[in-house]
Structure formats: structure tokens, C-alpha cells
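Colleague: next one to model:
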Amino acid sequence: MSKKNAFYAQSGGVTAVINASACGVIEAARENQDQIGNVYAGHNGILGALREELIDVSLESAEAIAALRHTPSGAFGSCRYKLKSLEDNRAEYERLIEVFKAHDIGYFFYNGGGDSADTCLKISQLSETMGYPIQAIHIPKTVDNDLPLTDNCPGFGSVAKYVAVSTKEAAMDVASMCATSTKVFILEVMGRHAGWIAAAGALAQEQEGDAPHIILFPEIAFDKEKFLAKVQKTVDEKGYCVIVASEGAQYPDGTFLADAGSTDAFGHKQLGGVAPTLANMVKSELGLKYHWALADYLQRAARHIASATDVEQAYAVGRAAVEMAVAGKNAIMPAIIRGEGSEYSWSIAEAPLSEVANVEKFMPRDYISEDGFGITEAGRAYLLPLIQGEDYPPYKNGVPRYTTLKKQLVKKKLGTDFEA
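Modeller: Down below sits the predicted model:
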């Protein structure tokens with residue numbers, strides 16, 4: 001039986017370490033050339049497969065692939081494109097199988113979050129019924145840290161480190177100027193339904209009473225009066241108040257504080273900015289001078305301050321995906337398992353995609369303080385190991401030196417184009 005080629009694609013919002021997973025996949029595949037032929041990468045994620053735009057990874061040097069480990073963003077291009085259900089549009093999935101068959105692809109590695117886990121599972125299932133079985137392995141990636149069955153998600157640890165450091169530094173700035181300037185500072189971070197990133201702001205605290213003084217989680221219904229009272233009390237006592245707010249903060253009825261009234265490609269509500277919404281409350285109700293900042297893409301692209309733990313785990317799940325595939329595994333995800341004991345350790349196990357796809361993991365209530373504005377010691381114990389260690393990229397002329405790839409496409413073999 002001839003060996004099959006592999007297809008790798010990046011999905012959804014990129015991270016500081018998703019390319020480390022790509023590095024792990026490609027290096028492991030090159031070490032298993034007796035079972036895996038060429039590696040192709042999707043140009044702009046799954047769209048690359050639908051449009052038959054496959055990047056020939058064999059043309060990339062070993063040095064360029066190794067440099068992916070310290071390069072942020074999505075080196076092959078990612079996309080926000082949710083495949084419809086099999087019932088609504090079977091043609092999309094059949095097109096993927098046709099492209100894989102044309103290029104003799106037998107391994108599918110999809111690097112993303114919950115939606116991509118669902119796609120991975122469906123391709124595995126449909127390929128069997130079409131008589132061209134594909135070994136589909138999902139590689140976890142999401143800054144939101146909301147995938148089930150894995151202790152944490154590659155990409156999260158580096159965002160958490162960035163948010164903790166930024167909160168600490170901004171708080172020092174505000175504290176030094178609050179006598180005559182800003183009284184309230186609000187940092188808005190990502191996290192639509194799960195407050196993991198917002199919680200990481202608490203890691204800036206060295207002792208009780210340190211900033212951030214208020215954290216707003218999607219899991220805790222927003223109480224305007226309680227919030228404003230806490231802001232005023234903190235300013236009265238400390239002279240200033242620092243807030244870390246999740247973009248998904250919502251009222252008791254589930255309405256987002258910052259609902260922009262539209263949806264994205266995945267059907268998710270577009271959020272219009274919780275920080276300015278809160279700032280307007282502070283100004284109109286309390287008359288306090290404020291400043292706010294939006295971490296936005298900066299938090300997920302900050303490879304210069306990545307967590308060493310995160311980099312190691314991202315690379316490891318990429319390698320593990322290939323090792324699982326050559327061992328004959330299918331429809332699974334390499335999951336990070338936290339070890340027992342006081343000293344942090346981790347290992348990798350298999351998680352079935354049937355239990356991963358379209359399932360969100362939220363902050364446990366016992367990780368959030370009783371008043372809903374902070375984290376508990378249990379929450380801190382969970383978060384702290386994930387931001388440990390520094391893994392600085394090489395620098396040139398004072399800025400990080402990141403790699404770019406050739407990204408040369410292979411010749412198309414199918415006679416028809418596909419509009420996606």
C-alpha cells in the first residue's frame with residue numbers, strides 16, 4: 001500500500017503560537033516519510049482545500065520550518081469560514097474529499113477551535129461513506145481556552161501572559177498619575193462566552209488589593225449598580241481603579257454590553273466594544289476621568305512575550321497529531337492533561353472529536369471570587385503555570401526576526417473551480 005500525502009490547515013483567529021504547532025506537524029511528518037508522503041498546507045485555511053489552493057510545504061527549507069516555532073500569526077493563512085452542516089450543503093464536504101483524492105491525501109490535520117473540530121469529525125465520517133477514508137486529526141488552538149477535554153488550549157497561555165503583564169504595567173502608569181489625571185482605566189480583552197483571558201489579568205496582582213480591582217466575566221451577569229459602587233469605593237480608597245473586562249460581559253438576560261447588532265461568518269454576535277461602554281457609564285454616573293484600551297489583535301500576536309509553556313505545548317500537540325495519525329488513529333484531538341501534585345507537569349492524551357466538537361468550556365464558578373469581580377486561589381493555581389517561562393524570538397535591528405514562507409501552490413488537478 002502506497003503512502004499517502006498530508007494536508008494541514010489553520011483555522012479561525014490566529015495566535016502567537018499556532019505556527020509552533022505547524023512546525024511540530026511538518027517536522028514530525030518529515031521524520032515519518034516512510035508513512036507520510038508530501039505535506040500540503042491550505043492557503044488561507046480550509047478555503048485552500050475548497051479552492052484547491054495547496055501550498056507545497058516540501059519547497060520550504062528546514063530552517064524556515066524551524067523558525068515557525070518563534071513566528072506569530074498564521075504562516076499559511078487562516079480564515080473564518082464555517083462549513084455548513086452536511087444536511088444543508090453536502091457539496092462542500094464532497095468537494096474536500098474530491099480535492100484530497102486528487103492529490104492522494106490520506107491525512108488531514110486541522111489546527112483550530114471548536115468549529116474546526118466539528119469539520120474534522122464530519123470529514124472523517126463522510127470520507128468513509130464515500131469510499132476514500134481520511135484520517136482526520138484535530139489540533140487544538142484557541143486563545144479563548146474553551147475547548148473541552150484538554151486542560152488548556154495552545155494560544156491561551158501567551159495571551160494570558162500578555163494580559164497579565166499589560167495590566168500590571170498600565171496599573172503602575174495610572175497609579176502614578178491618578179492624583180491629577182486618570183482615575184479609572186479599563187482594559188478590554190477577548191473572550192466571548194468564557195472569561196479565561198479576563199481572569200488572567202488577576203495574575204498581575206502580587207498582594208491583596210493590587211490591580212486589577214475589578215474583572216468582568218461573561219459567566220457572571222453584569223450588575224450596573226454593583227459595578228459602579230465598586231468603582232467608586234476603589235477610587236475613594238486607592239485613588240484609582242483598574243478594570244479588566246471580557247468582551248463578552250453581559251446582562252442577566254444574556255444581552256452583551258457591547259452588542260453591535262451584526263454577526264460574523266460563524267454566526268457569532270459582533271461585539272462593538274465593552275470598554276467604551278463601561279467608560280461612558282463611569283463618566284455619566286460617577287463623573288470620573290477615565291482611559292480605556294483594547295488589547296484586540298495585540299494580545300494574540302505578541303510572540304515577543306509568549307509563554308514558554310505555551311510554545312512547548314503548541315509544538316507538542318502538532319507533533320502528537322502526526323504520531324497519532326501514523327499509529328492509525330482517527331477522529332481524535334491531542335489533549336493536554338495536567339499532572340497531579342504541587343509541581344506543574346503535563347502530558348498528552350487522545351480526546352474523541354465526538355466529545356470535542358461544538359462544546360465550550362467555561363470558567364468554573366469556584367475559580368471566580370464570591371463577589372464576581374476577581375479570581376480565587378483555585379483559579380490562580382490553574383492559571384499561573386500556563387504563563388511561566390520566556391521564549392524570546394531572535395532579534396534584528398531592535399525588532400523580532402520572524403520568518404516568511406515561499407507558499408508556492410501546487411498545480412491544480414481538478415477541472416472545476418469552487419466558489420467559497
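
Colleague: pull the number of nearby residues for residue 212.
Modeller: Neighbour count for residue 212, taken as other CB atoms under 10 Å: 28. C-betas here are computed from N, CA, C, even on glycine.

Colleague: got the contact list for it?
Modeller: 167, 171, 187, 201-202, 204-205, 242-244, 374 (CB atoms under 8 Å, 6 or more residues apart in numbering).

Colleague: measure it to residue 227 for me?
Modeller: 13 Å (CB to CB, to the nearest Å).

Colleague: quickly list what the spatially closest residue to residue 191 that is not a sequence neighbour is bridged to.
Modeller: Leaving aside its sequence neighbours, residue 191 sits nearest to residue 246 (CB to CB, 6 or more residues apart in numbering; 4.0 Å). Counting by DSSP bridges, residue 246 forms beta bridges with residue 189.

Colleague: how far off centre is the strand or helix carrying residue 165?
Modeller: Per DSSP states H and E, residue 165 falls inside helix 156-177. Taking the mean of its C-alpha atoms, helix 156-177 sits 19 Å from the chain's own mean (CA atoms, centre = their mean, to the nearest Å).

Colleague: tell me the mean pLDDT for that helix?
Modeller: Helix 156-177 carries an average pLDDT of 98.

Colleague: please apply the same query to stretch 295-306.
Modeller: The average of the pLDDT scores along stretch 295-306 is 96.

Colleague: and if you look at stretch 57-72?
Modeller: 98.

Colleague: spatially nearest residue to the residue nearest in space to the middle of the chain (excluding sequence neighbours)?
Modeller: Centroid-nearest residue in the chain, with CA atoms, centre = their mean: residue 142, separated by 2.0 Å. Leaving aside its chain neighbours, residue 142 sits nearest to residue 113 (3.9 Å; criterion: CB to CB, 6+ apart).

Colleague: next one: residue 403
Modeller: Leaving aside its sequence neighbours, residue 403 sits nearest to residue 67 (CB to CB, 6+ apart; 3.7 Å).

Colleague: distance check, the residue nearest to residue 191 against residue 187.
Modeller: 10 Å.

Colleague: quick one: which of those two has more around it?
Modeller: More neighbours surround residue 246 than the other of residue 246 and residue 187, with 30 against 25 (other CB under 10 Å).

Colleague: from residue 37, how far off is residue 77?
Modeller: According to CB to CB, residue 77 and residue 37 sit 22 Å apart.

Colleague: let's see if you can find the most crowded of the contacts of residue 212.
Modeller: Counting neighbours by other CB under 10 Å, residue 244 comes out on top of the contacts of residue 212 with 33 neighbours.

Colleague: name the SS class of that residue, please.
Modeller: With DSSP: H, G, I helix; E, B strand; the rest coil as the basis, the three-state label of residue 244 is strand.

Colleague: so it makes contact with residue 217?
Modeller: No - using CB atoms under 8 Å, residue 244 is not in contact with residue 217; the gap is 9.7 Å.

Colleague: need the overlap of contacts for the two.
Modeller: Listed contacts common to residue 244 and residue 217 are residue 198; contacts here mean CB under 8 Å, 6+ apart.

Colleague: buried residues in the helix holding residue 165?
Modeller: Judged by neighbour count (16 or more other CB atoms under 10 Å), helix 156-177 contains these buried residues: 156-168, 170-171, 174-175.
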